[in-house]
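Visitor: With the input below, show me the fold.
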Amino acid sequence: MTTSTVQILPDDVINRIAAGEVVDRPASVVKELVENSLDAKASNIEVHIGGGGLDEIRVLDNGSGMPPSDASRALLRHATSKIRNDTELQRIQSLGFRGEALPSIASVSDFELLTGQGPDVPGSQVMLESKEVVQREAPPRDGTLVIVRNLFSNVPARRKFLKAPRTEFGHILEVVRRASLARPDVSFLLTHDNRTMLKARCTDDLRARARSVFGSGLSKRMFEVRSTEGVPCFGLLSPPSDATASTKKLHILINGRPIRDPAIIAAVRQAYGPLLERGKTPAGILVFDLDPLTIDVNVHPAKTEIRFSDPSTLYRTVLHTVRSAVGTSPWLSFESNATAHPVAVTSPTNPTELPAPSSTTRSTEPARKALELEHHSGLRYLGQTAKSFLVCDDGTRLVIIDQQAAHERILQLQIRSLHGEGKLEQQALLFPESIRVDSRQYQLVSTVQADLISLGFDVEPAAPGILFVRAVPQLLRRAELADLFPELLNILSQTTDQRASHNEDVYALLARHGCLKRGEIVGAELARELLSGLDSSPSDRSVSVMAVLGYTELDRLFARD
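Guide: Coordinates of the predicted model:
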């Protein structure tokens with residue numbers, strides 16, 4: 001007779017295995033306990049830490065507490081008050097729901113729970129002694145206090161992988177910061193070794209809560225974002241100058257739940273465009289209010305990830321909302337140093353006609369003509385004005401460049417050259433974009449597919465009247481595809497003979513849609529790239545790119561001899 005090798009594990013081992021999934025460091029304990037407090041409708045939460053959480057963690061709240069009958073079940077696995085059936089699992093609105101946190105924490109620590117429901121009802125004390133749940137009557141209290149001591153003392157293999165107390169507390173601080181941003185209507189207090197490290201009073205003002213987390217300076221510089229269509233979204237984001245190499249300062253909150261989502265972070269970065277230094281992420285808060293049926297929070301043991309039923313709409317909303325807010329934010333990028341300062345120039349109605357006495361016309365026109373032949377990269381960039389014009393000088397003249405016209409000229413030349421050599425690089429979109437077209441244009445796509453591919457597009461029919469764009473030419477990252485495609489398909493629909501003489505129409509169209517627009521902020525680095533690009537772009541006399549004004553003319557304008 002053979003001995004069975006498949007055994008059912010005892011409960012204490014099961015709990016420790018679960019603890020390995022749910023509790024990997026002191027910050028995990030704090031996260032689970034704070035979430036329990038929030039689910040209990042607490043309006044005040046205190047977190048007191050000793051020795052980085054290795055020695056002691058105390059979480060105190062004024063929530064609903066538990067009656068004795070519920071307290072006795074608190075340390076049983078899969079015992080929860082959050083959900084009761086599979087239907088409720090599909091519409092989770094609480095932060096916790098599995099009933100694993102407390103038994104998991106208790107299995108790897110010296111655990112004590114004190115809870116009550118008011119001064120007139122006896123409280124309860126629940127502990128784990130010799131692997132058995134022990135409950136005693138305790139003095140009445142409002143809310144719950146959970147005390148966790150000597151974390152992982154009975155699991156030395158786990159404890160030896162923990163970092164120094166200061167490092168572990170840093171992770172705890174991050175957890176409490178995220179929770180306080182998610183719930184500004186709740187007061188939070190965090191102490192470490194009896195020192196107050198975070199204090200946030202309840203408020204209905206997101207910026208006030210941001211001040212408690214980011215400090216008054218950074219929170220004051222943040223600008224508001226709010227979606228007007230798509231997914232409900234609002235928040236605060238920092239200027240690009242405050243971006244850091246870490247993503248930890250960008251807090252994403254879905255239905256009050258702090259999560260980490262690389263795709264949302266990527267969409268935010270993409271929305272900042274060239275203003276954001278490569279590898280940097282802005283600080284801020286993005287708050288989403290989604291139908292619970294459209295998300296699945298039961299995909300990660302720590303519940304820090306979410307699966308979305310319609311991720312494309314969510315990410316497009318982030319991209320368009322943040323991009324719009326960045327374009328209208330009150331800050332501008334200027335190069336600032338000892339020899340070059342931001343300048344304010346009143347832009348005339350026609351940027352090619354600067355106000356000047358008629359007697360100066362002869363001297364101004366030759367200057368403009370000469371400038372077209374000189375090296376634009378040698379100009380000294382001073383700054384941007386009206387979010388539309390680059391202000392420069394060459395030592396003798398003030399030079400104002402229309403950023404849209406300049407970039408359009410450069411882009412058209414680049415597209416012509418690269419397309420002719422078959423070297424237009426393609427860039428896959430993070431999320432495919434759906435484009436609506438009429439029935440004729442929809443039928444055209446299969447006919448002109450080769451042309452689209454040669455131009456760097458990856459397009460396929462998705463449904464009648466709808467196209468999926470999966471990739472675009474790298475040079476056209478800025479283009480609004482919904483506006484571009486109907487025009488592009490109309491040009492490509494011409495016969496081969498006709499189209500041979502209209503390639504320039506295609507290049508001009510792509511450049512017009514892909515270039516910088518007036519109203520976009522241009523940083524110093526991008527401005528210099530534009531100036532350098534003008535050096536290799538032949539002048540198109542039909543399009544005015546710049547206006548110049550000699551300093552002698554400025555003297556005359558101000559009646560100086």
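Visitor: and whichever strand or helix holds V133, what does it pack onto?
Guide: Taking DSSP states H and E as the definition, one finds V133 inside strand 132-138. Here strand 132-138 touches helix 68-71, strand 123-129, going by 3 or more Cβ pairs under 8 Å, 6 or more residues apart in numbering; DSSP states H and E. Using the backbone N, CA and C atoms, a C-beta is placed for each residue, glycine as well.
Visitor: Switch the ones you listed over to CSV; also include mean pLDDT and mean neighbour count.
Guide: Listed next are the helices and strands packed on strand 132-138 as CSV, based on pLDDT from 0 to 100; neighbours: other Cβ atoms under 10 Å:
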stretch, mean pLDDT, mean neighbour count
helix 68-71, 86, 16
strand 123-129, 91, 20
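Visitor: so can I have TSV of the ones you listed showing distance to T317?
Guide: Below are the helices and strands packed on strand 132-138 laid out as TSV (distance: least, Cβ to Cβ, whole Å):
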stretch	distance to T317
helix 68-71	40
strand 123-129	45
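Visitor: hey, where'd the helices end up in the stretch 451-561 of the chain?
Guide: 481-492, 496-500, 503-514, 524-535, 551-557 (DSSP state H, counting those that start in this stretch).
Visitor: After the helix or strand of the chain with the lowest mean pLDDT, heading C-terminal, what element do we hit next?
Guide: None of the helices or strands of the chain scores lower by mean pLDDT, DSSP states H and E than helix 361-371, at a mean of 38. Remark: after helix 361-371, the chain's next helix or strand is strand 380-385, criterion DSSP H and E.
Visitor: following that next one, which helix or strand comes up?
Guide: strand 389-393.
Visitor: Adjacent strands (with direction) for that following strand?
Guide: strand 380-385 (antiparallel), strand 397-402 (antiparallel) (DSSP bridges).
Visitor: for whichever strand or helix holds R211, packing partners?
Guide: R211 belongs to helix 206-214 when assigned by DSSP H and E. Judged by 3+ Cβ pairs under 8 Å, 6+ apart, the packing partners of helix 206-214 are helix 165-182, strand 195-200, helix 216-221, strand 233-237, strand 284-288.
Visitor: Kindly recompute the last result at 7 Å.
Guide: helix 165-182, strand 195-200, helix 216-221, strand 233-237 (3 or more Cβ pairs under 7 Å, 6 or more residues apart in numbering; DSSP states H and E).
Visitor: ok, how many other residues are close to the residue nearest to S212 when sequence neighbours are not counted?
Guide: Once flanking residues are discounted, S212 sits nearest to A200: 3.9 Å by Cβ to Cβ, 6 or more residues apart in numbering. Residues lying near A200 (other Cβ atoms under 10 Å) number 24.
Visitor: between the helices of the stretch 451-561 of the chain, which gets nearest to L173?
Guide: Closest approach to L173 among the helices of the stretch 451-561 of the chain (Cβ to Cβ): helix 524-535, 34.4 Å.
Visitor: quick one: buried residues of the closest one?
Guide: A524, L526, A527, R528, E529, L530, L531, G533, L534 (16 or more other Cβ atoms under 10 Å).
Visitor: Need the residues that contact the longest strand belonging to the chain.
Guide: Determined from DSSP state E, the single longest strand within the chain is strand 426-436. The contact list for strand 426-436, computed with Cβ atoms under 7 Å, 6 or more residues apart in numbering, reads 263, 266-267, 270, 311-312, 315-316, 456, 458, 462, 465-474, 477, 481-482, 485.
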